[in-house]
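> let's see this in three dimensions:
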Amino acid sequence: MAAKNILRRAMLYVPGSSQKFLDKSRTLSVDCVAYDLEDSVTPGRKVEARGLVRKELDKENPEGIKERAVRINSVGSGLALADLEELVKSPNLTTLVVPKVESGSDMTFISDVLAHSRSKEITTPISVIALIESAKSLSNLNEICKSAPHLLSGLVFAAEDFALDMSITRTSSLTEFLYARQMIATHARAYNLPSIIDLVTTAFKTEADLELLKEESEQGKRMGYNGKQCIHPSQVATVQKIFSPSPQEVEWAVRITIAQRRAEELGKGAWALDGKMIDAPVEGKARAIVKKAELIGFDVKSLQEKFKDEQPQ
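Next up is the predicted model:
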């Protein structure tokens, strides 16, 4: 099965045809860098970009990057096979971002190519993040999620292509995307996928753009998304902060998990903390926050020591 303990608060696209941007990406601190072979690469530079990204993958992983992914060209483009045959040669390939996934057959294609093209000597597991970009993709979400559970690790909402496919205009409220965003988030949760990655904020140059980024990130988080696509390094810090639990939330969650153990010893199914009732759903949320805090790098052990005598009320 695809790994579940994955942190992808920000997924930053880096053009695969630009050595300059590939080099710069090595200096960043970001959960996931996605080297791009698709939209940011012109048709005449696809082969060149493929080679540059393969060389980048073969280098040692930069200290500030938790995961390096590659967005290949779509299965329907006819370029995915050549992308995969080159990329699988790298023992450092762990994650594929697959655009325009429209049916289960797209996922099956990726699975079959990986099974037949990758050397048996390379045992590094590979995860797939699928981009949902069209009405057909949305209507086939069940099929997509079921088709390759050993690979699928997340769903991404590609709003711009979805708007094009639906002939709709993006507005600041994003209400025209409400159904699609909720469908994607719901299916990702239903199939226990670790990553639910929201739409891109396309503007990034001004203070107003930063406020828009914050607003869209907070909205996505409220809808159940746990990450967001980024198209510029300046967006990463804001996105990763918003999709992280606050220190206060982590402290609350640690107290809950400790007191829950005491409650279980006392046979209490529901109890209170700070005057608020705590039951199974609340305790489950607390455990999820603690797990995420550990992945981010919070000093959870110190908090557990600080509140080791917490009692249910």
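
> which residues does residue 230 contact?
10, 11, 12, 13, 30, 200, 236, 239 (Cβ atoms under 8 Å, 6 or more residues apart in numbering). Every C-beta, even on glycine, is put in place using the N, C-alpha and C of the backbone.

> check the spacing between it and residue 30 real quick.
Note on residue 230: its distance to residue 30, by Cβ to Cβ, to the nearest Å, is 8 Å.

> give the residues shared as contacts by those two.
10, 12, 236.

> okay, now the unreliable bits of the protein?
Scanning the chain for pLDDT under 70 picks out 1-5.

> check which helices and strands the lengthiest helix in it sits against.
Ordering each helix of the chain by length in residues (DSSP state H) puts helix 247-265 first. Counting contacts by 3 or more Cβ pairs under 8 Å, 6 or more residues apart in numbering; DSSP states H and E, helix 247-265 packs against strand 271-273, strand 276-278, helix 280-296, helix 300-306.

> out of these, which comes closest to residue 158?
helix 280-296 (24.6 Å; Cβ to Cβ).

> for the shared contacts of residue 230 and residue 30, which one is nearest residue 305?
residue 10 (30.7 Å).

> among the contacts of residue 230, which two are most distant?
Top of the distance list for these (Cβ to Cβ): 30 and 200, 14.8 Å.

> of the two, which one has the most company?
residue 30 (25 against 22; other Cβ atoms under 10 Å).

> and the strands in the protein?
10-15, 30-36, 65-71, 95-98, 127-132, 152-157, 195-198, 227-230, 271-273, 276-278 (DSSP state E).

> for the residue nearest to residue 308 when sequence neighbours are not counted, give its distance to residue 16.
Excluding its sequence neighbours, the residue lying closest to residue 308 (Cβ to Cβ, 6 or more residues apart in numbering) is residue 258, at 6.5 Å. In this view, residue 258 and residue 16 are 46 Å apart by Cβ to Cβ.

> more neighbours, those two?
Using other Cβ under 10 Å as the criterion, residue 258 and residue 16 rank with residue 16 on top: 29 against 21.

> OK, contacts around the more buried one?
With Cβ under 8 Å, 6+ apart, residue 16 has these contacts: 22, 35, 36, 37, 40, 41, 49, 50, 52, 53, 70.

> now the residues you listed as a markdown table including neighbour count?
Output for the contacts of residue 16, formatted as a markdown table (neighbours: other Cβ atoms under 10 Å):
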| residue | neighbour count |
| --- | --- |
| 22 | 20 |
| 35 | 27 |
| 36 | 26 |
| 37 | 28 |
| 40 | 18 |
| 41 | 23 |
| 49 | 23 |
| 50 | 23 |
| 52 | 20 |
| 53 | 28 |
| 70 | 28 |
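
> for the nearest residue to residue 100 once chain neighbours are set aside, grab phi and psi.
Spatially, and ignoring its direct neighbours in sequence, residue 100 is nearest to residue 74 (3.8 Å; Cβ to Cβ, 6+ apart). Torsion angles at residue 74 (phi, psi; degrees, to the nearest 10) stand at phi -70, psi 160.

> residues in contact with residue 74?
38, 80, 98, 99, 100, 101, 106.

> quick one: the second one and residue 86 touch, right?
No. Using Cβ atoms under 8 Å, residue 80 is not in contact with residue 86; the gap is 11.1 Å.

> between those two, which one's more packed in?
With neighbours defined as other Cβ under 10 Å, residue 80 and residue 86 compare such that residue 80 has more, 23 against 20.

> wait, what's in contact with that one?
Counting by Cβ under 8 Å, 6+ apart, residue 80 has contacts 72, 73, 74, 98, 109, 110, 113.

> all helices of the stretch 1-150 of the chain, in order?
19-25, 46-58, 80-87, 104-117, 135-139, 141-147 (DSSP state H, counting those that start in this stretch).
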